[in-house]
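In: Pasting the sequence and the predicted model now:
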Amino acid sequence: MRSFRGRVMHTLLFELVLLGICTPVIALVFNRSFSHTGMLSIGMSATAMVCNGLYNYGFDRALIYLKHPLYPRSFRLRCFHSVLFEILLMVFTLPMIMLWMEVSFIHALTLDISFAVFVPVYALGFNWIYDLMIPAPCVQEQ
């Protein structure tokens, strides 16, 4: 299992790369300034980082409780992990999008669903590469 410090490093790197991808896209789609959409992206990123850290810790604990090995993670498990996280995150980000962008529920939902489709694909690739470049210790907690 990764250490707390390792999880923080993973989360920060994940969010920084994602910010660099998503902020310009949101600005183009909503025809808003980069600074305006950047603030939304940072707010969503901060929310995602807190949720991500707690979610990953809980997910690992659940795997340990179920006596499932933490690593290596199968493609199927990585997909499940990513999709479940995106559903949880939408609970927090949908109201943020509606308020900050001053858009209807449907417009905010459309954007959030777009992210919910994109981010698991991004997460799958990012996490796979991250695990290859920075392998986790092969120690199971009892």
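Out: On my side now, so go ahead. Numbering: from 1, shown residues only.
In: Next, the buried residues of the longest helix along the chain.
Out: For the chain, the longest helix by residue count, based on DSSP state H, is helix 34-65. The neighbour-count criterion (16 or more other CB atoms under 10 Å) identifies 37-38, 40-41, 43-45, 48, 51-52, 55-56, 59-60, 63 as the buried residues of helix 34-65. All C-beta spots, glycine's among them, are computed from the backbone N, C-alpha and C.
In: ok, now stretch 104-120?
Out: Across stretch 104-120, burial judged by 16+ other CB under 10 Å covers 108-109, 111-112, 115-116, 119-120.
In: same question, stretch 75-92
Out: Residues of stretch 75-92 classed as buried by neighbour count (16+ other CB under 10 Å): 78, 81-83, 85-86, 89-90.
In: Sort the buried residues of stretch 104-120 by pLDDT and name the bottom one.
Out: Minimum pLDDT across these is recorded for Pro120, with 78.
In: what residue ranges in this protein score low on pLDDT?
Out: Scanning the chain for pLDDT under 70 picks out the ranges 138-142.
In: Could I get the full set of helices for it?
Out: Going by DSSP H, the chain shows helices at 4-30, 34-65, 75-101, 105-133.
In: Other residues contacting stretch 74-90?
Out: The contact list for stretch 74-90 (CB atoms under 8 Å, 6 or more residues apart in numbering) reads 47-48, 51-52, 55, 59, 73, 112-113, 115-116, 119-120, 123-124, 127-128.
In: Next one: Arg2 relative to Leu132, how far apart?
Out: To Leu132, Arg2 is 14 Å away according to CB to CB, to the nearest Å.
In: Comparing the two, which residue is more hemmed in?
Out: Applying other CB atoms under 10 Å to Arg2 and Leu132 shows that Arg2 carries more neighbours, namely 19 against 8.
In: Apart from its chain neighbours, what residue comes closest to that one?
Out: Ala136 (5.1 Å; CB to CB, 6 or more residues apart in numbering).
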